[in-house]
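Student: got a predicted model here, sequence first, then my questions.
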Amino acid sequence: MIGQRSLFSDDPLEMCTDLDQLKELNLQCRRCGLRDGCNGVVFGKGNPRARLMLIGEGPGAEEDRQGLPFVGAAGQLLDKILAAAEIPVEEVYIANIVKCRPPNNRVPTREEMDACLPWLWRQIELISPAIIVLLGSTALQGLVDPKGRITRVRGQWLDWNGIKVMPTYHPAALLRDPSKKKPAWEDFKKVRDLYRQLKEREARLNLA
Ligand code: SF4
């Protein structure tokens, strides 16, 4: 079990055995006040068997409107980065630390993150990725290190529950400050290389 959820086997999240069940439950969530100020829960999107997962901060206005993560300008940039790294977008899974849009796109509070994290932990358990890319400080602080600073640890592989984790800048930060694009691309090249190795190794094992 990932995270600090209930130890009892009747934890409703533990009882969800696939992403569809988890999503259905998540859509009804009212564990924190963010749900009152948004259109709906933005669960996540992508391949339920992804080996690579990308995690951002929370939905923005466009994401809230469409009910999907990373569909606004930052999402379009992320699509371009993945394409440049030759990582097919249909192979990955994308989610956020909080699943409801914070008012005016403010950073979610620690309490809101803590309320929402069990959903993400269960998502990660069900998907079981080998690699996670954390996009921005909130993703780093929410999942791995509450005091972590993205400027300090970006570009370095971390280990989290046996999963290789690469922290890097959020695409929205790249749009605000283009000088961050080059270092972010260096980080994504590391992700690309490890992802390729992983896929090649898994392909060899499947043939054996
Ligand atoms: S942000 Fe997360 S915990 Fe809060 S209401 Fe939305 S889904 Fe529930």
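Tutor: Good, I have the coordinates.

Student: and the contacts of stretch 139-150?
Tutor: Outside stretch 139-150, the residues within contact range by CB atoms under 8 Å, 6 or more residues apart in numbering are 55-57, 96-98, 108, 110, 113, 117, 120, 132, 134, 136-137, 153, 158, 160, 165, 167-170. The C-beta positions use only the backbone N, C-alpha and C, and glycine is treated the same way.

Student: out of those, who's near the ligand?
Tutor: Filtering these for neighbours of the ligand using CB under 6 Å from any ligand atom leaves V98.

Student: hmm, which of the contacts of stretch 139-150 are the buried ones?
Tutor: 55-57, 96-98, 108, 113, 117, 120, 132, 134, 136-137, 153, 158, 165, 167-170 (16 or more other CB atoms under 10 Å).

Student: from those, which ones fall inside strands?
Tutor: Secondary structure of these is defined by DSSP state E; positions in strands are I55, G56, N96, I132, L134, L158, V165, P167, T168.

Student: so which of those comes closest to K180?
Tutor: Distance from K180 was checked for each of these by CB to CB. The minimum falls on T168, at 9.1 Å.

Student: give me the nearest residue to the closest one, chain neighbours excluded.
Tutor: Of all residues beyond its chain neighbours, the one nearest T168 is D187 (3.8 Å), with distances taken as CB to CB, 6 or more residues apart in numbering.

Student: distance of the one you found relative to K180?
Tutor: Applying CB to CB, to the nearest Å, one obtains 10 Å for the distance of D187 from K180.

Student: going by neighbour count, list what's buried in the longest helix anywhere in the chain.
Tutor: Secondary structure assigned by DSSP state H gives helix 181-207 as the longest helix of the chain. Residues of helix 181-207 classed as buried under the neighbour-count rule (16+ other CB under 10 Å) are K181, A184, D187, F188, K190, V191, R192, L194, Y195.

Student: hmm, back to that, could I get the ones in strands among the buried ones among the contacts of stretch 139-150 in JSON lines, plus columns for pLDDT and distance to G37?
Tutor: Putting these into JSON lines (pLDDT from 0 to 100; distance: CB to CB, whole Å) gives the following:
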{"residue": "I55", "pLDDT": "98", "distance to G37": "22"}
{"residue": "G56", "pLDDT": "98", "distance to G37": "19"}
{"residue": "N96", "pLDDT": "98", "distance to G37": "16"}
{"residue": "I132", "pLDDT": "98", "distance to G37": "28"}
{"residue": "L134", "pLDDT": "98", "distance to G37": "25"}
{"residue": "L158", "pLDDT": "98", "distance to G37": "32"}
{"residue": "V165", "pLDDT": "98", "distance to G37": "30"}
{"residue": "P167", "pLDDT": "98", "distance to G37": "28"}
{"residue": "T168", "pLDDT": "98", "distance to G37": "29"}
